[in-house]
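Undergrad: Pasted the sequence and its predicted model underneath.
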Amino acid sequence: MPSTPAIKIESLRVLVNDGNHNAFTDLCRFKGRMYLAFRSCPEGHMIFPSSRIVVMTSDDGQAWRQVFTFAVPERDVRDPHFLVFKDTLFVYAGTWFCAPAVPGKYDMNEHLGYGAWSSDGAAWQGPRLLEGTYGHYIWRAAACGDKAFMCGRRKRDFCRTQDSGDGTNVTQGALLESDDGLVWKTAAIFRESGGDETAFLFEADGAVLAVARSPGLDPALLLRSRPPYRTWESHSLERYIGGPMLARWGERLLVGGRRMLDRKDPAKTVLYWLNDNRLEPAAEFPSGGDNSYPGFLPLSDTRGLLSYYSSHEGSGTSRAPAAIYLAELSLT
């Protein structure tokens, strides 16, 4: 692994600040254009059927415009993530069912993934429910050859519990697999307990590296496996990472997310270099309150874009407003 350079924040700007709680970002490139996705909700971070997914596009990373948005009736939509697969751009969202008859009662067993897709980034289809995701809280997706893979956490045996089942000892981490990006099945269980947000990075031969958030403020895990993904090697990264991102920048591996040392420590959006099984701090971004969930897009081996959200210049809490930030990065 090459030596780890310093990351310089060349510029930072507020991209979206409309009074809503804007959060949970992702970035990608598709057919020569850049795309940014995030969730927008007038009420806040938590579960509200007033939420919607927003997709923006840019030719140069400077001028951005909205190209698509969607909501799902009686469902909270959140955590949008891109997948470029078989010459198609997908955007996925997990959705909590907001039962009108029982307000405030949520169960992961009623969770459902939705997707929208485009062959040119301009004309979109969907949203459409993703077959095979009922009872799964879907998260980041990645492609490897003619297969697509996605993180889905679920209750073991879809058991009934008094709580939602998210972030508990009955929450499994499932690796979902698809041939077309719309119909999914379980390929493997990579975590039998404490399954949570997980980012995957695949090699051409199918080997996979993953960074998995742990419940509470427990340290994140670094996971490795090879097809058919029946056994997983696990290492503690010795620090909590919320909303983990895992990306390749040139020959190096970049990890991003929310840093919190304890319940009294202010949350910050940060980047790390991943060297073997260790994280090396690389950059901290202006942030606070409710924040993080970054997306990263390499522009070259020494330049890149990072998106994230934060409420430190808004409510300072999980309520609206929160803004979307876009940083231009360079390596020194």
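TA: Received, thanks. Keep in mind that this is a model prediction, so the values were computed, not measured.

Undergrad: In contact with the residue most central in space within the chain: list those residues for me.
TA: In the chain, the residue lying closest to the centroid (C-alpha atoms, centre = their mean) is R140, at 5.0 Å. The neighbourhood of R140, defined by C-beta atoms under 8 Å, 6 or more residues apart in numbering, consists of D26, H81, M150, C151, E197, T198, A199, F200. For the C-beta atoms, the positions are set from N, CA and C on the backbone; glycine is no exception.

Undergrad: Please identify the buried residues of stretch 60-75?
TA: G61, W64, V67, F68, F70, A71, V72, R75 (16 or more other C-beta atoms under 10 Å).

Undergrad: Span of it from start to end?
TA: Length of stretch 60-75, first residue to last, C-alpha to C-alpha, to the nearest Å: 34 Å.

Undergrad: quick one: that stretch to chain centroid distance?
TA: In terms of C-alpha atoms, centre = their mean, to the nearest Å, the centre of stretch 60-75 is found 16 Å from the chain centre.

Undergrad: Output the contacts of R140 in a markdown table; the columns should cover neighbour count and pLDDT.
TA: Formatted as a markdown table, the contacts of R140 follow (neighbours: other C-beta atoms under 10 Å; pLDDT from 0 to 100):
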| residue | neighbour count | pLDDT |
| --- | --- | --- |
| D26 | 25 | 98 |
| H81 | 24 | 98 |
| M150 | 29 | 98 |
| C151 | 27 | 98 |
| E197 | 24 | 98 |
| T198 | 25 | 98 |
| A199 | 25 | 98 |
| F200 | 23 | 98 |
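
Undergrad: Run through the stretch 1-150 of the chain and note the low-pLDDT ranges.
TA: 1-3 (pLDDT under 70).

Undergrad: re earlier: looking at the buried residues of stretch 60-75, spot the one nearest L306.
TA: Lowest distance from L306 to the buried residues of stretch 60-75 (C-beta to C-beta) belongs to G61, with 11.2 Å.

Undergrad: Was I right to think that closest one contacts A327?
TA: No. G61 is beyond contact range of A327, at 10.8 Å (criterion: C-beta atoms under 8 Å).

Undergrad: which of the contacts of R140 sit farthest apart?
TA: Greatest spatial distance among the contacts of R140 (C-beta to C-beta): D26 and T198, at 14.5 Å.

Undergrad: re the thing from before, partner strands of the strand or helix carrying the residue nearest to the centre of the chain, parallel or antiparallel?
TA: According to DSSP states H and E, R140 maps onto strand 137-144. Counting by DSSP bridges, the strands paired with strand 137-144 are strand 147-155 (antiparallel).

Undergrad: buried set for the partner strand?
TA: A148, F149, M150, C151, G152, R153, R154, K155.

Undergrad: Likewise for stretch 206-215?
TA: Buried positions in stretch 206-215, judged by neighbour count with 16+ other C-beta under 10 Å: V208, L209, A210, V211, A212, R213, S214.

Undergrad: Any chance of those residues in JSON lines with secondary structure, pLDDT and distance to T186 as columns?
TA: JSON lines is the format used below for these (DSSP: H, G, I helix; E, B strand; the rest coil; pLDDT from 0 to 100; distance: C-beta to C-beta, whole Å):
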{"residue": "V208", "secondary structure": "strand", "pLDDT": "98", "distance to T186": "15"}
{"residue": "L209", "secondary structure": "strand", "pLDDT": "98", "distance to T186": "20"}
{"residue": "A210", "secondary structure": "strand", "pLDDT": "98", "distance to T186": "16"}
{"residue": "V211", "secondary structure": "strand", "pLDDT": "98", "distance to T186": "21"}
{"residue": "A212", "secondary structure": "strand", "pLDDT": "98", "distance to T186": "17"}
{"residue": "R213", "secondary structure": "coil", "pLDDT": "97", "distance to T186": "20"}
{"residue": "S214", "secondary structure": "coil", "pLDDT": "96", "distance to T186": "21"}
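
Undergrad: Please identify which of those residues is nearest to L182.
TA: V208 (21.6 Å).

Undergrad: check contacts around that closest one.
TA: For V208, the contact set (C-beta under 8 Å, 6+ apart) comprises C144, F149, F200, L201, F202, L223, R224, S225, R226, Y229.

Undergrad: In CSV: those, plus secondary structure and distance to H45.
TA: Formatted as CSV, those follow (DSSP: H, G, I helix; E, B strand; the rest coil; distance: C-beta to C-beta, whole Å):
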residue, secondary structure, distance to H45
C144, strand, 32
F149, strand, 27
F200, strand, 25
L201, strand, 27
F202, strand, 30
L223, strand, 27
R224, strand, 32
S225, strand, 32
R226, coil, 37
Y229, coil, 32
